Structure formats: C-alpha cells, structure tokens
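Novice: Got a predicted structure here, sequence first:
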There are 2 protein chains.
Amino acid sequence: MEKNKYDTLNASPLNFAETEMWMGIIPASPDGKLPRRMAYVRQLRAIEFRDGGVEFNVYAPDAQSVEVSGTRNTRWGQEKHALHKTKDGWWQALIPGIPAGVQFLYYFFDGREHLYEHAPICYAHNRLCNFVDVPDPEFDFYDFKDVPHGAVRCEYYRSSFTGTLRSCWVYTPPCYDADTEKHYPVLYLLHGGGENETGWFWQGKINLILDNLIAEGKCKEMIAVANFGHAYAPDSRQEGVLPGHIERLLLDDCIPFIDRRFRTVSDKAGRAIAGLSMGSYQTQWTAFQNPEWFDYIGIFSGTVGNAFPEVSTAKFTAAENAEKFNSQHKLLFYSKGMLEGGEKLPGEIQELKDNGIEAEYFLCDGVHEWQTWRKSAHAFVQRLFID
Amino acid sequence: MEKNKYDTLNASPLNFAETEMWMGIIPASPDGKLPRRMAYVRQLRAIEFRDGGVEFNVYAPDAQSVEVSGTRNTRWGQEKHALHKTKDGWWQALIPGIPAGVQFLYYFFDGREHLYEHAPICYAHNRLCNFVDVPDPEFDFYDFKDVPHGAVRCEYYRSSFTGTLRSCWVYTPPCYDADTEKHYPVLYLLHGGGENETGWFWQGKINLILDNLIAEGKCKEMIAVANFGHAYAPDSRQEGVLPGHIERLLLDDCIPFIDRRFRTVSDKAGRAIAGLSMGSYQTQWTAFQNPEWFDYIGIFSGTVGNAFPEVSTAKFTAAENAEKFNSQHKLLFYSKGMLEGGEKLPGEIQELKDNGIEAEYFLCDGVHEWQTWRKSAHAFVQRLFID
C-alpha cells in the first residue's frame, strides 16, 4: 500500500483519522425517499501539507480575526500569521517555510489564545497544546513505515515514593509477543520541562525510531519506558527548580514494576537511561549517584551536569574519580543541536576529558526542539546493549 | 496503599498526574545561596472533588467572565455556571449536584467557548472536549483497583478497504503476557456518534471493567478491540447518515490483523461485537449481515435495528427467519437507560420475541451517557464466551 503523508501523524494516539467528519445536514435524496437529515459531512482538515507550505483551516464563525503562531525559542518563532476568512465561518492560511519537525502552535481568536479543538494536540508547556509535525525532507528515520511494529502500552503502577498512582508509556519491540522466552534490555527515557510521559512517544516517535532501526538491524531489540518526570514525596514542599526526585521514583518503584511486568534483562548491563533538557539533568543526577544501575547514559540538550547547585554532578566526574567513574559505565553520551549552543558544549566535554572521563559527543543541526532529540535518540540507541 | 480519589481519572492516558505544576518564580533562599529563579510551582487542580460538589479552578487572567456548563441531552444539562474571580487571574466555583460519570464540559471565557488547556480532555462531539468523570457513590466496578491489570495498547494497521493507516486500541487481559500458550476470545467494540477509538477506554473504562470482573472470576479473560467507527472507501462520497462501512473495515482488515498479531480464538465462538448508539446500528448491521462471524451481539442504547432505511435489519429478524437467526447466535443482548426511552424498548423486543427471536434486555438507570454504557458493558461481558 502506498505511503500516505499523514501516516506518521496518524500513528499518534492524539491525532485521529478522519476527524474532519462532523455532524451536519445532508439534503433529501433526489427521489425523495430519504429525507433531509443530520449526517456526517466532510469538512476541511485543520492542517494540510501542501506543496507551498502548511495550510491551516480553522472553523471560528464568531471570530473577527484568527491567527496562528509558533512558540518562543524555536526556528519558526512567535510571529503571528493571520488567516483570512473564506466562507461559512471558515478561516484559512497557507504558510510557507515552517521548519520541519514538531512545532507547537498557538491559535489566537480575536487576539486571545485558543486551544483549537479540531487540530492535533499534545502535552507541552505544562498544558495541552496544539502542534504540527512538519515532514522533514531530509529525514525519514522516525516515519511510520511498513516494517514490523512493536507495541505501545499505557501502564500504571503505585509509587511508594509519591504515594500515588503513576502512568508510564512502554514500548515493546516487534518480537516481544512472539519470542516469549527472550528477555530484553530497557531504556528509561525522561522528557523535558513542561512535557510529560507521552512526550517521547507522541512528539519523539521513539517507538517508530526503534521499529525502523530494528528492521534495519541497526539496533538491539529493547524495551523503552517513559515516565512523567515530576515526582514528589507526599510531605515535600513540592516546588523547586527541579521537579522532585525522579531517581527515587525510578529506582524504588518504576524499575521494579517494569522488571516484574515485562521480560527484562534486569541488571545494569541491560539498563540505559536518557533524558532531554530538564530530563538530561535528571539523567545525570540519577545515573551518576547510582552507579550500579545503568551502563548507558544519554544526555540530550543539557550541559555537563553543574547547571543547578542542587544537583551538581561535578564531584562524580572530578579528575580524582575518573578511573572509578569510567569503570562504572559503558557509554556516556552527550548531544546537542548546533543552534542551541552545540558548538560550546565541546569545551565542557573537553574539560571532562581533561579530567580523564570517557565521553562521546553527538552534534546535529537543530535548536532546542524535538528534531534534535529525535536525531539524538536515533544515534544513541544504536550504541546500546552491544556486547 | 490507600485508594486515591483520582486513581481512576489518572488511569486515563489523557489525564496526567500533577499537571498543576507550572513554571513560575520562586524566591531566593533565606541564606542567599540560591537566587530568585524560574521553578516549578504548584497551582490549583483544574478539577477537585470536594464534599460539597465539584470545584472548578480556571486560570484566565484576561477574561471578564468564566463559565462552565454540561452538554445537551445530559442529566446535568446546558445551564452555564459562573465562576467567581479569586486572585491573580484565577476563577473558581464549587458546583453541587453534578451527576456521576462522564460529563462533557464546555468552558466559556467572556461568553465564548474555550477548550481549557489545563483540564482533562477527551474526544467527543467530533472534536477534543473537556470532561469531568464524577465518582459514582453507587458503583465502583469501573474504578482503578489493586487487582491484576491487563495491558492497553495502541495498535496500527493498514486498511485495504479505506486505503489508509488505521489506529485501534487493544486490551489484553492480565494473564496474556505470562500464559503465552493460551488463546483468547475477542470483543470488538464500537463507539457512538462524535467519539472515536479512544472512547471505550478513556470514557468507558472497558479495561478497568474487565480487570475487575476477571479478578472477581465473573467474566472470561478476553481481548477487547476498539476501532474508529468511520470507514470510507477512497472513492466514496464519504458523507451520510452512517459513517461508511465499518463492517468492511472489521471483516476485511481489522479482524485479520488482530488474529495475526494476538493469540486469539479466531472463530465465531471466540468473537463478540458490541456498540453503543451509532455503534449499536453498526453492530446489528455488521453482525446480522455476516452471521458466520460473531456468536455474541451487544446493542447498547440503540433500538431494534430499523431506525435508518439504509441499514434496516428487519428482514433478518422477521418471523420466517427466526429459527435460522437463532441458530446463528448465542446471545443477542439489548440494553438501554431508563431515562433515554428504556421503558419503550421492551415493546420492540416483545415484537422480536413475537417473531420467535431470542433476545435479552438489560435496563439500567441512566440517560444517553457513558454511565449507561459502562453498566451495559459490565452486564454484557459477563455473558460472553461461556461454554
């Protein structure tokens, strides 16, 4: 079957097929046998990918103006683009030049921000947020392709640390269901500030990245687990620069749950951890403090871990600890986008190396955005669980 | 661990734990060592269950008025309830007497409808929609409990009928992963008008209903599959009273996919189909026309199948076909809520019975709402796959 331009978008649980079918009125049949009735009628898709750009269609019959913009610190930026009124309450704009990848969107009706109920939605900026995932002409490694697909599961567990029910999303590789004797290593993923346990799947497409690499024989079959990164003890102040203690949630509750529920390789050699931005600090703090837990460490779009005094990891990578540190991990992987200060990080990595720490650095084109993290994950997972 | 009032709500992939942590400013530490910084600060939950009712908290600093209402044809109704301004852009109302179960919500800012970005969201009314799931003091059969839990999976398959990638949600029972030799019967579920493949999980909680019944030994272990009910051939007009041809999608594409991908009992005795409202017509049309496919048929909040001339099933249940019809199915199960005309349906069922058709009728308290469909499913699944 032919590949469809919406396949990858549709392979996201928060974008639904054919949502442009709304209730409306259809006329009576010409022979009069079927009366004028309520029926499903096809409307415009909220977002269409055209040759000339992205076409936005908005139904806003009461609005005097409709605009759309990207968000701050992105390639696309925050400039508002006006839609023009077409007919019957519809507004439209064809906007060229929107950069590839996930672009979070704000719609504005009469100048006021409006979460648009007919467009794809995800969790970002500590709230539900519209987005468009613009196809990238250069990369298809995260596209939905006709290869064997793993499963994406929503899982729930009680946390002894937070005292609450927790949700996590779990990817199991294509062979997991069929090869019921095999045990699989696990990659624990942490999202960035303002996102949640869905980010690595809905925005990051980690399941499709793994499906495609596994099909090409370029990475090991593995399980991937994404948690919500906020984890507070019930009696804590529950505020701060960092969102609680993810290391307690992972080590006390989540990893034991995953090891009970799935056929895992439940030792350090079978465990990796990676996070982006906020999650990159959490990754360093968790992995460096608990050296017996993870052999592979991925730090995407962070810095060498001393940005916040509360969670500085400088002591672990000091020169006098280098030999010990190196013996504790098989891979310490840093990545950054070129346009988010990626040229500067090598200086920090050099300091690490001067201390005797073994670290790798992956630099890609990109700002502080999902396209950078997709590429980082794509590079990182190929290095995992290699004997 | 103690049961938490938010457990069931949190066990929904579109409601996220602790989303009330937003970015804000925290002051410098008293000793001056930590500066004033951006940080996570705890805000009010959008929806709190209080003794006196449901508390709504809305952040809308630019609004002059904020209101919330239910939707039409519900117990709660469409009356708008005003929130009052508290401080710093916040609005609040404690609203007593909201009926139990899923109530779809519309928020209004300055009189204009506003999908609220901090409240739980689902797909209903052919769009994304806010909702509250008010705990029911009478029923806990769909609550998240500490029993063995099955898995909820997002699955994708190519449809030869529609020519597109399709998403479906699949429940596998608690033993599915461990007991890798066993094959399981499958229940195919269809949603109502305006909803989609997520409805039976996010609103209906079919996974929790099955988890709880299986734990009590009151129903067989089964797989449950929910599709999006719109299915159009690529060259079709793609409009109409009924949303295309779900029977083609199910029989040609979905069932073969499920039988390939899961350990199913892949015959008629191992297959049930049920739908609500729009899905109840689709269920009758699909099952009656294809008598070799489903032994168990559930029709929730529909009528005996002659509401639409296009899909009238009257001929199948005519008196002259009764003996044949009865031999083709093990269970024909109708249900309705008392307050949606449930008292009237027995007349239609009586006509069926007068024709010699064997049918059962389950009547519960309820309007045309998820509480009725949860109860219907709870009764129906206990009758399935009994040898």
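Specialist: The structure has been received and is ready for your questions. Bear in mind the structure is a predicted one, so any value in this text is a computation, not a measurement.
Novice: Tell me where chain A has helices.
Specialist: Assigned by DSSP state H, chain A shows helices spanning A:7-10, A:199-202, A:206-215, A:246-248, A:255-261, A:278-289, A:322-328, A:345-354, A:370-381.
Novice: would you turn those helices into CSV with distance to residue A:117?
Specialist: Bear in mind the C-beta positions are built from the backbone N, C-alpha and C, glycine included. Shown next, in CSV, are these (distance: least, C-beta to C-beta, whole Å):
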stretch, distance to residue A:117
helix A:7-10, 17
helix A:199-202, 17
helix A:206-215, 26
helix A:246-248, 33
helix A:255-261, 35
helix A:278-289, 29
helix A:322-328, 50
helix A:345-354, 40
helix A:370-381, 23
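Novice: closest to chain B out of the ones you listed?
Specialist: Proximity to chain B, assessed across the helices of chain A by C-beta to the nearest C-beta, is greatest for helix A:7-10 (4.8 Å).
Novice: one step back: which of the helices of chain A is buried the deepest?
Specialist: helix A:199-202 (a mean of 28; mean count of other C-beta atoms under 10 Å in any protein chain shown).
Novice: Against which helices or strands is that helix packed?
Specialist: When contacts are defined as 3 or more C-beta pairs under 8 Å, 6 or more residues apart in numbering or on different chains; DSSP states H and E, helix A:199-202 sits against strand A:121-124, strand A:165-172, strand A:223-227.
Novice: So which of these has the densest surroundings on average?
Specialist: strand A:223-227 (a mean of 27).
Novice: pLDDT of it, averaged?
Specialist: For strand A:223-227, mean pLDDT rounds to 97.
Novice: Export only the CA atoms of that strand, formatted as PDB.
Specialist: These are the backbone C-alpha positions of strand A:223-227, laid out as PDB (Å, rounded to 0.1, in the frame of the first residue of the first chain):
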ATOM      1  CA  ILE A 223      12.000  -2.100  25.700                       C
ATOM      2  CA  ALA A 224      11.600   1.700  26.200                       C
ATOM      3  CA  VAL A 225       9.800   3.300  29.200                       C
ATOM      4  CA  ALA A 226       8.800   6.900  29.600                       C
ATOM      5  CA  ASN A 227       7.600   8.300  32.900                       C
END
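Novice: Does chain B have contacts with it?
Specialist: No. Strand A:223-227 stays clear of chain B (C-beta under 8 Å from any C-beta of the partner chain), getting no nearer than 9.8 Å.
Novice: ok, residue A:160 - how many residues close by?
Specialist: 12 (other C-beta atoms under 10 Å in any protein chain shown).
Novice: At the contact with chain B, which residues of the stretch 51-200 of chain A appear?
Specialist: A:62, A:109, A:112, A:114-118, A:121, A:123, A:126-129, A:144, A:146, A:149, A:151-156, A:158, A:160, A:163-167, A:169, A:177, A:180, A:193-194, A:196-198.
Novice: from those, which would you call buried?
Specialist: A:109, A:114-118, A:121, A:123, A:126-129, A:144, A:149, A:151-156, A:158, A:164-167, A:169, A:177, A:193-194, A:196-198 (16 or more other C-beta atoms under 10 Å in any protein chain shown).
Novice: Stretch A:347-362: end-to-end distance?
Specialist: One end of stretch A:347-362 to the other measures 13 Å (C-alpha to C-alpha, to the nearest Å).
Novice: I meant to write stretch A:328-347 there.
Specialist: 23 Å.
Novice: swap in stretch A:222-236?
Specialist: 35 Å.
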